[in-house]
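Q: after the sequence you'll find the predicted model.
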Amino acid sequence: MTTTTKRDWHHQVEHERIPANEVHETNDGKTIRIEYREDNGIIYKTTKTYRNQKLKVLPIVAERKKWKKFGNAANDPPGINTATTKVDDEITMQFISNKEDAKQDEDKLIKEAVSTLKKVQCRLCKGDHWTTKCPYKDNLQ
């Protein structure tokens, strides 16, 4: 669906009041983007500073970045279009439980129980059994 809008002199004057957006690249690898917008008759100037970085990515990700854009973004230049794409911070996930972790926890509990059983020592014969169940109780007393 294509529509052509005819702008009258009022829209042309309003458009001329707001300066065009500017993009500057500095020598130290930073990009400065200056954007202007109008809200209720007040012109706001927003300055954003970006640091350009080159990151190593997986080969499959690099290949996907070379794909041709499609749809409404077919005529966009390479990279991210801030008008249509929002980039958030990287999110890290922590898995609370895992079957392997539960198995390892169970193994630890068993080992602790076995180690406590080995610590039992008879006071009479110094054997690895309870004093009340000592087979030599009558002879040693």
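A: All right, it came through fine. Numbering: from 1, shown residues only.

Q: only C-alpha atoms for contact and neighbour calcs from this point on.
A: Noted.

Q: which residues in the chain form strands?
A: With DSSP state E as the criterion, the chain has strands at 22-25, 30-39, 42-51.

Q: dump those strands to a markdown table, plus mean pLDDT, distance to L58 and mean neighbour count.
A: Formatted as a markdown table, the strands of the chain follow (pLDDT from 0 to 100; distance: least, CA to CA, whole Å; neighbours: other CA atoms under 10 Å):
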| stretch | mean pLDDT | distance to L58 | mean neighbour count |
| --- | --- | --- | --- |
| strand 22-25 | 87 | 28 | 12 |
| strand 30-39 | 88 | 25 | 14 |
| strand 42-51 | 88 | 22 | 12 |
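
Q: can I get those strands in JSON lines with distance to T131?
A: Shown next, in JSON lines, are the strands of the chain (distance: least, CA to CA, whole Å):
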{"stretch": "strand 22-25", "distance to T131": "84"}
{"stretch": "strand 30-39", "distance to T131": "78"}
{"stretch": "strand 42-51", "distance to T131": "74"}
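
Q: go through these and name the closest to D76.
A: strand 22-25 (16.2 Å; CA to CA).

Q: what's that closest one in contact with?
A: 31-35 (CA atoms under 8 Å, 6 or more residues apart in numbering).

Q: with stretch 57-72 instead?
A: Taking contacts as CA under 8 Å, 6+ apart, the residues outside stretch 57-72 that touch it are 74-76.

Q: and the residue nearest the centre of the protein?
A: I91 (1.5 Å; CA atoms, centre = their mean).
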